[in-house]
Structures are given as structure tokens and as C-alpha cells.
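>>> need a structure here:
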Amino acid sequence: MRSITPLIICLIFLLSSCSQPVTFKHVSVIPKYAVIEKKEDIHAITDSTVIPYIYTKVISLRELAVEEKKDKFVEMLLPSILVSQHDLHQTIKRVEYIEKRLVKHPFMRKTDSIFLLPLFETYNCDQIPELKIRLKPHAASIVLGQAALESGWGSSRFFKEGNNVFGIWSYNAGEDRIQAFVGRDSTNIYVRSYSSIEESVNDYFQTIARVNAYKEFRQERLTIEKPLELIPFLNRYSELGEIYTDKLKQLIETNDLTKYDSYVIKNEYFVEE
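Have a look, this model is predicted:
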């Protein structure tokens, strides 16, 4: 009897431990907000661990020498890309946590509904598997490459005046936006204005996630690991089609942007909630 008692105690402990609810632990980034009045205000990235500087005001890089312009542009943009990628991965983890819980307990809790419903609306879908596909971020090299093309490495007016890195258009008169100097077919063109570079990057990821033109790209990025192999599926991002994707691929290769795909946020800027 003496030998059985410890075993029973252990079993009771294990059963009671299993009955405890598993809670999702969200890991947030603690960003450092900054404004740029001159090029020296751009914080250098010296290795593959990055301080998450979020810039709320930028300057045009037009007057800088080519190589310095490119370096400063990456240093301005990469921290926001890494923060956006991290936030998307955290959202996916919570969605997967809810999904696994629903398998065992097929009744959605109120807190889960409050979390999921706005996501379904934002990402234009109504099923968890599709939501996960849309939330998945892609490599920093692709984001940097498209940003460089659209903003001329930080030289565009929209970049300077509205933190608009990707030239995303505005169709809503009620949102902050900037009018282009030149319209199309007698129609005024507007682009969105953002409060920070991070907000511009977030909107870019949402645009890729929501718009039907990028459906094939979203499907392919589930399995294709090499960024350069994904680029042809962005042929509908521009009216130039294959000419655009060829130019994007060449820009990424020429500037060795894929090296930034392994960069991460410094550990001390994470907090578990």
C-alpha cells in the first residue's frame, strides 16, 4: 500500500494540472517613437538585432548620395517592418489558440468573438483557415524592395509629406490623404497619409491580405520559402505586370536585400502580457 500511495498522489496532481485552463500569452513590442529632422536623426542599424524605432516624421532622402540614400532608407523602414511582422505572427498564434480550443470545446467564448470578428471584417473573410492565410506576413526583402520602387528610396513627395511608403491610393474623402499633382483621365488622384512609417507598413500588409488581385500570391507564400521565387506572383501589384516584377527582383538582388530577412528585434524590447 505504501508503494501505491505516491503513485496515486502523482496521478491526482497530473489530472488537476491538466484541468487548468491554458491561457494565451501575448508578446508585445515596446517601440521607441522618433521624428527625423535631419539624416543624423536616423538611428543606424549595426547588426542583425534591431531597436524598434518607429518614425512619425521623416525627411526626403532625394539629396543624399545613392548608397547613403539606400542605407538610410533601410534604417528608417526595417524596424517598422519587423514590428508589423511580429504583430501579425502574434495575431496568428492567438487565432490558432482559439482554433485549437474550438476543436475540444465547439462553443466560442465572448472574448474570442470580440477578438475574431473585427479581424474577419478587416481581412475580408469569415473562416479561420482563410484568415490565417491572409494574416501571414512575407519576407522583409520583398517589403523593402517594393517600398524602394514605390518611393524612389524615400525621395517621393508622398513619403515625405504623408509617411506613404508604398504609394497606396485613397478612395475615401473622409480619411487623411494627399492629392497628387497629376490626375488620370480628368480625375484627381489621392494617396493615403499616415501617422507613422509603421502605419504605412501595416496598411501595405493589409492591402496584400485583402485584395483579390493578390490571392495567388497569398496562396504561394504558404509554401514558397525563397522570396525571389515569390516575386512573379506580385505581377498584379502594378499595371506594368511582368516588367514590374522583373524590376523588383533585380532591385532586391542588386542591393542584397534578402540579408535583412534574418534580422530580428532586440530581445529587450519584448514584453509578455
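>>> Please count neighbours and contacts with C-alpha atoms only from this point.
Noted.
>>> tell me the mean pLDDT over stretch 95-103?
Averaging pLDDT along stretch 95-103 yields 94.
>>> err, stretch 215-232, not the other one
Stretch 215-232 comes out at a mean pLDDT of 97.
>>> just stretch 238-252 next, same as before
96.
>>> same question, stretch 148-159
94.
>>> Same question for stretch 46-53.
98.
>>> secondary structure element for the residue nearest the centre of the chain?
Centroid-nearest residue in the chain, with Cα atoms, centre = their mean: S84, separated by 3.6 Å. Using DSSP states H and E, S84 maps to helix 66-104.
>>> which residues in the stretch 151-273 of the chain form helices?
Listed in chain order, the helices of the stretch 151-273 of the chain (DSSP state H, counting those that start in this stretch) span residues 157-162, 197-210, 215-220, 227-230, 242-254.
>>> Could I get these in a markdown table, plus columns for mean neighbour count?
Formatted as a markdown table, the helices of the stretch 151-273 of the chain follow (neighbours: other Cα atoms under 10 Å):
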| stretch | mean neighbour count |
| --- | --- |
| helix 157-162 | 21 |
| helix 197-210 | 21 |
| helix 215-220 | 16 |
| helix 227-230 | 17 |
| helix 242-254 | 17 |
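>>> rewinding a little: the residue nearest to the centre of the chain: what's it in contact with?
Contact partners of S84, counting by Cα atoms under 8 Å, 6 or more residues apart in numbering, are E198, V201, N202.
>>> Let me know the closest of those to R109.
Nearest to R109 among those is N202, at 27.8 Å by Cα to Cα.
>>> now the closest one, nearest residue through space, not along the chain?
S84 (6.1 Å; Cα to Cα, 6 or more residues apart in numbering).
>>> where's that neighbour relative to D126, distance?
23 Å (Cα to Cα, to the nearest Å).
>>> Tell me, what's the model's pLDDT at the closest residue to S155 other than its chain neighbours?
Once flanking residues are discounted, S155 sits nearest to R62: 4.5 Å by Cα to Cα, 6+ apart. We have a pLDDT of 94 for R62.
>>> how many neighbours does R62 have?
14 (other Cα atoms under 10 Å).
>>> now S113
Neighbour count for S113, taken as other Cα under 10 Å: 12.
>>> tell me how far the helix or strand harbouring it is from the chain's mean position?
In this assignment (DSSP H and E), S113 forms part of helix 110-122. Distance, stretch centre to chain centre, for helix 110-122: 19 Å (Cα atoms, centre = their mean, to the nearest Å).
>>> which other helices and strands contact that helix?
Applying 3 or more Cα pairs under 8 Å, 6 or more residues apart in numbering; DSSP states H and E, we find helix 110-122 packed against no helix or strand.
>>> just the angle between it and helix 66-104, please?
Going by axes from the mean of the first three to the mean of the last three Cα atoms, to 10 degrees, helix 110-122 is angled at 130 degrees with respect to helix 66-104.
>>> Report the rounded mean pLDDT for the helix or strand following helix 110-122.
Going down the chain from helix 110-122, the next helix or strand is helix 128-135, by DSSP H and E. The average pLDDT within helix 128-135 is 98.
>>> again with stretch 195-212
Mean predicted confidence for stretch 195-212 is 97.
>>> Name the residues that touch that stretch?
By Cα under 8 Å, 6+ apart, the residues outside stretch 195-212 that reach it are 54-57, 77, 80-81, 83-84, 122-124, 134-135, 137, 162-166, 168, 194, 214-215, 218.
>>> just stretch 55-64 next, same as before
33-39, 69, 72-73, 76, 153-157, 159-160, 163, 195-198.
>>> residues contacting the spatially closest residue to P79 that is not a sequence neighbour?
Spatial nearest neighbour of P79, excluding adjacent residues (Cα to Cα, 6+ apart): P52 at 4.9 Å. P52 sits next to V29, I30, P31, K32, P79, S80, L82, V83, I265, K266, Y269 when contact means Cα under 8 Å, 6+ apart.
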